[in-house]
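Colleague: coordinates only, no sequence provided:
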């Protein structure tokens, strides 16, 4: 049996969005691997110490240390954890995340090389990150997409008698949640009947900003707060268009899930999105931060119902490759 230590921000109990350390560690356990995770400590300093402590005390039993690696503060966690692994001669695997990680390669080249050049292998969950790391000269890479359990996502064809928009993400400025409210306002101004539901926890105070904007624009929408996977999948049955308004992105699981459920996706054309969605084939890509671009795309869907069926069928076929029953074999290959 393989023994894995998974390092990352395991904060789902702190009203944060479920992340890879939560889902992937559970999947590994179900496959019979022994997995220890760190850390769930709320204080960032204590969390870092807890991560380093777990690496040290499990140094003789861990076959691999997986390290969730992002571009902001967590980048420095990853650096310190990876260097401790090097000192202790433990094989470590950075799991790459975030649309801004390619920028970090440029801003911190020495620290990046220390992490990524010395890794057993770097796992890129998106072809976008794979491409950017290859461009930066890294060769010890493996593309393993973020996975879902496809059996939990019942595909449903939608009709659009009334525009019912669904937005699912944590409320953070980089995801541009205010744009969703502006889109609803623009639809109302053109006398297009529309609804909007926004699902997700607050991350940086953006939720209150969005609620304030909704009051100023005098639009009525639904905020659910954080929902479990099962709750938002059930909620999705009431909606017929999924919008992704982000300014920075990688390959968000929420978009993959929407594609699996049969929701036509309209997303900004940023970061990893064009690596996930082929415009006009399995979704629609639009210019970022543009109400007009989203409005045009929504009208395109409502005016051509036949295109919805084709796009959503194509999207479902694409995300079948993200099913855990497929993806797990790619993980087993590098962990063997």
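Modeller: Received it, and whenever you're ready, just let me know what you need. Quick caveat, the model's predicted, so the values are computed rather than measured. Numbers count the residues shown, from 1 in each chain.
Colleague: now the helix or strand hosting residue 215: buried residues?
Modeller: Per DSSP states H and E: residue 215 is located in helix 206-217. Residues 206, 207, 209, 210, 211, 213, 214, 217 are the ones in helix 206-217 that count as buried (16 or more other C-beta atoms under 10 Å). Where C-beta positions appear, they are placed from N, C-alpha and C, glycine not excepted.
Colleague: from those residues, pick the one nearest residue 104.
Modeller: Closest approach to residue 104 among the buried residues of helix 206-217 (C-beta to C-beta): residue 206, at 22.3 Å.
Colleague: who are the contact partners of that closest one?
Modeller: Going by C-beta atoms under 8 Å, 6 or more residues apart in numbering, residue 206 touches 171, 172, 173, 175, 177, 178.
Colleague: swap the cut-off to 6 Å and go again
Modeller: Neighbour list for residue 206: 171, 172, 173, 177 [criterion: C-beta atoms under 6 Å, 6 or more residues apart in numbering].
Colleague: tell me who's in contact with the closest residue to the second one other than its chain neighbours.
Modeller: Read it as residue 172. Excluding the flanking residues, the one nearest residue 172 by C-beta to C-beta, 6 or more residues apart in numbering is residue 203, at 4.1 Å. Residue 203 makes contacts with 170, 171, 172, as judged by C-beta under 6 Å, 6+ apart.
Colleague: phi, psi for residue 203 please.
Modeller: phi -110, psi -40 (degrees, to the nearest 10).
Colleague: quick check: it vs residue 177, distance?
Modeller: 10 Å (C-beta to C-beta, to the nearest Å).
Colleague: any common contacting residues for those two?
Modeller: Residues touching both residue 203 and residue 177 (C-beta under 6 Å, 6+ apart) are residue 171.
Colleague: wouldn't residue 284 be in contact with residue 297 here?
Modeller: Yes. If you go by C-beta atoms under 6 Å, residue 284 and residue 297 touch, sitting 4.6 Å apart.
Colleague: for those two, list the residues in contact with both.
Modeller: Here residue 284 and residue 297 share the contacting residues residue 266, scored by C-beta under 6 Å, 6+ apart.
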